[in-house]
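1. Pasting the sequence and the predicted coordinates here, then a few questions.
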Amino acid sequence: MQDLHAIIAANISALRTESGMTQAQLAEVLNYTDKAVSKWERAESVPDILVLKQLADHFDVTVDYLLTDVSAHTSPRSRDELRQRSVNRLIISLISVIGVWVLATAVFVVALALGANAHPLWLCYIYPIPVSSILLIVFNSVWGRRRLNFIIVSLLLWSLLLSVYLTVLATAGLDLWYVFLVGVPAQVLLLFIPGITASGMKK
């Protein structure tokens, strides 16, 4: 019987290759380093059970599939099917974000038609930025690359501060520019949050 280490290594390598991912990309998804993935694929070490479950969920196979001799079963899907799944996920994410902006436009038009002051209504096109960021964080955490979360969370942080600043400026006429100073330590703090940057990756 083939060594279990070698079976798991072959299956991880095959699934990763079929999905068109590099070792670095798979490492991002699992919050591990590419060196760890490389060791798994060379059968130098074996992922623990939690990581095996993560791998199974990501590639939409069972844990048993990962433990079974690759020669005993066929590929769960073709590369084209995997690519189509990625495209579908991207489309869902884009439609959701576009929906936020369509809703913002609808609110703007209706409010304008009802005679609301057009001056503060332009804020309808500021608030969708943090809302869109939240949606992207959710979709990217489930489907995408965790490293992108740093960029998206940073966008959320600064867009929230911008929303507060412009809201106060438009409604009360106060120039609270110093509200952006809050973003500096918050941005630095993001660098140390596991799962958002490469620093949080496991070896």
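-> Good, I have the coordinates.

2. Any chance you could give me the helix or strand of the chain with the lowest mean pLDDT in CSV, C-alpha atoms only?
-> Every helix and strand of the chain was ranked by mean pLDDT, DSSP states H and E. The lowest is helix 118-121, at a mean of 80. The C-alpha coordinates for helix 118-121 follow below in CSV (Å, rounded to 0.1, in the frame of the first residue of the first chain):
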residue,chain,number,x,y,z
ALA,A,118,-29.4,68.3,-3.4
HIS,A,119,-26.5,69.5,-1.4
PRO,A,120,-26.3,66.7,1.2
LEU,A,121,-27.7,64.1,-1.1
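
3. Give the buried residues for the helix or strand containing D57.
-> Using DSSP states H and E, D57 falls within helix 49-58. For helix 49-58, the neighbour count (16 or more other CB atoms under 10 Å) marks V51, L52, Q54, L55, A56, H58 as buried. Any C-beta I mention is one placed from the backbone N, CA and C, and that applies to glycine too.

4. Just the residues contacting the least confident helix or strand of the chain, thanks.
-> F108, A111, L112, A170, T171 (CB atoms under 8 Å, 6 or more residues apart in numbering).

5. And for stretch 32-51?
-> Contacts of stretch 32-51 (CB under 8 Å, 6+ apart): 3-6, 8-9, 12-13, 16, 22-24, 26-27, 30, 55, 63, 201-203.

6. Give the rounded mean pLDDT of that stretch.
-> The pLDDT scores in stretch 32-51 average 91.

7. Run through the strands of this protein in chain order.
-> Using DSSP state E, no strands are assigned anywhere in the chain.

8. what's the domain layout of it?
-> The chain resolves into domains spanning 4-72, 84-200 when parsed by automatic domain parsing.

9. Of those, flag the one that's most buried.
-> Mean neighbour counts were compared across the domains of the chain using mean count of other CB atoms under 10 Å; the top stretch is domain 4-72, at a mean of 17.

10. Hmm, L155 and Q187 touching each other?
-> No - using CB atoms under 8 Å, Q187 makes no contact with L155, being 11.1 Å away.

11. ok so, going back, compile the contacts of helix 118-121 into TSV and extend it with columns for distance to V142.
-> As requested, the contacts of helix 118-121 are exported to TSV (distance: CB to CB, whole Å):
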residue	distance to V142
F108	31
A111	34
L112	36
A170	35
T171	36
